[in-house]
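Student: Fold the following.
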Amino acid sequence: MSGILIYSREEAERNTFSIEKYKKNLDIKLVLQEELDCSVDADFVINRTNDYKIAEAFEKRGIRVFNPSPLTKLANDKQACYEFMRQNGIEILPINYKGVPVVKKALNGKGGTEVFMLNEKEPFEKGYVYQKPASDLGKDLRVWLINGKIKAAILRESKADFRANFCLGGTAKPYVLSDEEKNLIYNISSFIKYDYIGIDFVFNNGRIVFNEIEDSVGARMIYALTDMDIIKDYCNYIACEVSKHGKDCACR
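Tutor: The predicted structure follows:
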C-alpha cells in the first residue's frame, strides 16, 4: 500500500525532519500542495495542509485521508469550532466579545500568528473571531491524541507574550494530566472523528478551558522534551488502518 504526503512548499521546508520520519515508516511520497493533482493514484493520503477541500477530493474517490475532511474543516475555522464545542456542552471563553481587552484571532490562523490583544474597541472585522481573554495569560496546554488515545501533554509558558507558543519563544515542559483533565479531553474528542490531532487549552482561574484543535499538529516539542517517537506511532496506526487490520491490532 503506497500513499502520498501533502505539505505546502513553505511547510515542507520547515518540516524536513517530520517528512523523513513519514518516509522511513511508510511507503509514501511527498507531494507539494502547489503541484498537487487530486486525480493522482494513491492508496491513502496524509493531508498536512489544513485545506479540507484536498481531503474531500480524495475522499470522493474512496481514498482514505488522514485526517478526514470534516475534522480539517472544523479545526481551521475557529468561530465554527467554538460554536460546535459550546453546542456540545464544552466550556469555552466567550466569543463575539464586545468588551476590552479582547483577543482577536484569524479564523484559520495557526502557531499564534494573526492573534492580537486589543485594548481598545474596534468594529468586528470579517475573518476574525473576538474572544474574552483567559485569566492566566501566557500559559497554555497542548495535548496530542492518536486514534482516541492521549499520547502526550506539554505545558507552554511565556513571560514576554500573552501567547505561549513554543515557536514564538515560549518555554515548554511535560505536563501530568489530572483525571478531571483527562475526562474533559476524552469528552471533547468523543464529538469529533480524527486520526492525529492536538487540542490546545488555555488556563482560566487555574482550570483548563478549550482553545482550539490543531489539525496538522506539529511534534517539535515532543521530540525536544520526551523520548516518544510520536510520528512513528502515527505511522503504525496508519499502516493498520490501510491494511484493514482490526481495532485490536498490535501495531496500534
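Student: how near is the closest residue to N88 other than its chain neighbours to I90?
Tutor: Closest residue to N88 apart from its sequence neighbours, by Cβ to Cβ, 6 or more residues apart in numbering: F191 at 5.0 Å. (C-beta placed from N, C-alpha, C; glycine too.) Per Cβ to Cβ, to the nearest Å, F191 is found 8 Å from I90.
Student: related to what we said a few turns ago, ok, now which ones touch the residue nearest to N88?
Tutor: Contacts for F191 (Cβ atoms under 8 Å, 6 or more residues apart in numbering) come out as F84, M85, N88, I90.
Student: SS state for it?
Tutor: Applying DSSP: H, G, I helix; E, B strand; the rest coil to F191 yields a three-state assignment of coil.
Student: For it, give me the pLDDT.
Tutor: We have a pLDDT of 96 for F191.
Student: Which helix or strand contains K24?
Tutor: Per DSSP states H and E: K24 is located in helix 16-25.
Student: What count of nearby residues applies to N147?
Tutor: Neighbourhood size, N147 [other Cβ atoms under 10 Å]: 16.
Student: Distance check, the spatially closest residue to it that is not a sequence neighbour against F44.
Tutor: The shortest distance from N147 to any non-neighbouring residue, by Cβ to Cβ, 6+ apart, is to Y237 (5.3 Å). Y237 sits 12 Å away from F44, going by Cβ to Cβ.
Student: ditto for K105
Tutor: Applying Cβ to Cβ, the value for K105 to F44 is 32 Å.
Student: How is the residue nearest to N147 assigned, secondary-structure-wise?
Tutor: Going by three-state DSSP: Y237 is helix.
Student: From what I see, it and I230 are in contact.
Tutor: No: because the distance of 10.5 Å does not satisfy Cβ atoms under 8 Å, Y237 is recorded as not touching I230.
Student: residues shared between the contacts of those two?
Tutor: I146.
Student: and I199, how many residues sit next to it?
Tutor: 25.
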